[in-house]
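Colleague: Return a 3D structure for these sequence lines:
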Amino acid sequence: MNETFKAVLPHVIGVSVFIVSCIASAHVVLNKRDTRAAVGWVGLIWLVPVIGALLYILLGINRIRRRAKDLRPEHTISSSERVTSGPDRIDIPEQFMGFSSLVHTILQKPLLEGNTLQPLVNGDEAYPAMIREIEGAEHSIHMMTYIFDNDRSGKQFVESLVRAVRRGVKVRIIIDDVGARYSFPPVTRLLRRSGINVARFLPTMLPWRTQYINLRNHRKILVIDGKKAFTGGMNIRNGLMLKEHPKHPFRDLHFRVDGPVVSHLQEVFLSDWEFCTGERFEPDAFPAPSETGGTTIARGIPDGPDEDFEKLQWIVHGALMAARSSVRIVTPYFIPDSALIKTLNLTALRGVDVDIVLPSENNLPVVKWASMDVLQQILERGSRVWLTPPPFDHSKLMIVDDTWILIGSANWDTRSFRLNFEFNLECYDQTLANTLNNIINEKIDGAHNITLAEVMSRTLTVKLRDGIARLFSPYL
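Modeller: This is a model prediction of the structure:
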């Protein structure tokens, strides 16, 4: 019997491995829309039996089952949907009419007039403004962030939130589960001990939730009383208080938002709150923000690996195609996929001035290596790349033809465009664009204009290192 078992066992294992590889490969073919990604996964599954299939199961499958219809009652109508159900009928430059129609088709969300946006540079400007509004809150505070460190700055926010709770303000906080662990002990413990209602987005330490390790909530939203808001790329970390000379300084850009578009930020927060806690709200549970008389026309862009999958990437492609004279991009992480590289190159080849501002030193060295491998493809078609000196610049900004502006949490990489939950705002405002262009000009004035010759002159060892890093770009 033992001899028979020993003789049969290798055949059983071989057949089992073959069946597992077939099933995994079939799943790849049926679910991966990108041909190169599909070929890569199928190759890994067959060339590295069992391990390849396990890696695909852990990293290759998008298991998110978060759908709007499962989270909200069917009768719920957002405030933006009540404004208009048709395409945008707002007076924007004729050049962008077709593009605006495209964005409306993608998002089914209208542009809203009468907003005011104020850029806030670093935590030195942003944190006092945010805390000041928290101190003045009367009814509700809704805050969502990726990182909320348990440091000096984080504790200042906690103290302000505690005072709000004692005034009877309803405080709801969402912190991404991975981001919450950037400091120890995590600030969530302090928040809960202080009586603040806090939820972690997609806890990953639980064995049955580890498949969500790559699906993180990278959004940064603060809404006060449903009327005033803040958004952008800024986490809560003491390193952003540059005037205090922190040990690990960062630079970043955030925005105060006033006007009707605050409703778009509120909707995204409430949707994520439902997902995290199951608590639902009626459409009129919070007051609708009113027009401020501001000049900014704006629209919220939620993006994530759910019903909003790849919407931001489509919009970025559309904005590049709409450009006639200039495109300016500021981002900390720049690893666009091949399709976006082609669109950038086509934009530059059409005679559009394309300027990309990146940090010369990155907090994630492997990301910088992968980015350097991409720059050759960008520079050889005419785009200009500027490397800003330390401290590390985490700012995220895009301006097209000194009119259309994209701000928010998303980086120019696969993680932001395909894996993370992000929130951005598109804006039409030449005055705001001029202000932001001045900020970009200051960055460029102190930056190094890297050339194609410099990128090509890297040693073979460095080129190999950078190329290998780029292979892992979907997960950087």
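Colleague: Show me the helices in the stretch 101-250 of the chain, by range?
Modeller: Along the stretch 101-250 of the chain, the stretches classed as helices by DSSP state H, counting those that start in this stretch are 122-136, 152-166, 187-193.
Colleague: would a markdown table of these with mean neighbour count be doable?
Modeller: Quick note: C-beta positions are derived from backbone N, CA and C, even for glycine. Listed next are the helices of the stretch 101-250 of the chain as a markdown table, based on neighbours: other C-beta atoms under 10 Å:
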| stretch | mean neighbour count |
| --- | --- |
| helix 122-136 | 18 |
| helix 152-166 | 17 |
| helix 187-193 | 17 |
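Colleague: Out of those helices, point me to the one whose mean pLDDT is lowest.
Modeller: Per-segment mean pLDDT for the helices of the stretch 101-250 of the chain reaches its minimum on helix 187-193, at a mean of 91.
Colleague: Identify all contacting residues around that one.
Modeller: Phe148, Asp149, Asn150, Gly154, Lys155, Val158, Leu161, Ile173, Ile175, Ala180, Val198, Arg200 (C-beta atoms under 8 Å, 6 or more residues apart in numbering).
Colleague: Determine how far the helix or strand hosting His254 lies from the middle of the whole chain.
Modeller: Using DSSP states H and E, His254 sits within strand 253-258. Mean-position distance between strand 253-258 and its chain equals 16 Å (C-alpha atoms, centre = their mean, to the nearest Å).
Colleague: just stretch 244-253 next, same as before
Modeller: The chain centroid and the centroid of stretch 244-253 are separated by 21 Å under C-alpha atoms, centre = their mean.
Colleague: middle-most residue in this structure, spatially?
Modeller: Ala410 (2.8 Å; C-alpha atoms, centre = their mean).
Colleague: Contacts only, for the closest residue to Thr331 other than its chain neighbours.
Modeller: Excluding the flanking residues, the one nearest Thr331 by C-beta to C-beta, 6 or more residues apart in numbering is Trp412, at 4.5 Å. Residues in contact with Trp412, defined by C-beta under 8 Å, 6+ apart, are Ile329, Thr331, Tyr333, Phe334, Ile335, Pro336, Leu340.
Colleague: and the strand holding His254 with helix 122-136, angle?
Modeller: Strand 253-258 and helix 122-136 are oriented at 30 degrees to each other (axes from the mean of the first three to the mean of the last three C-alpha atoms, to 10 degrees).
Colleague: Averaged pLDDT, whatever helix or strand comes next after strand 253-258. What do you get?
Modeller: Later in the chain than strand 253-258, the nearest helix or strand by DSSP H and E is helix 262-277. With pLDDT averaged residue by residue, helix 262-277 scores 94.
Colleague: re the thing from before, okay if I get the contacts of Trp412 as TSV plus distance to Ser263 and secondary structure?
Modeller: Below are these laid out as TSV (distance: C-beta to C-beta, whole Å; DSSP: H, G, I helix; E, B strand; the rest coil):
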residue	distance to Ser263	secondary structure
Ile329	28	strand
Thr331	27	coil
Tyr333	30	coil
Phe334	32	strand
Ile335	33	strand
Pro336	31	coil
Leu340	30	helix
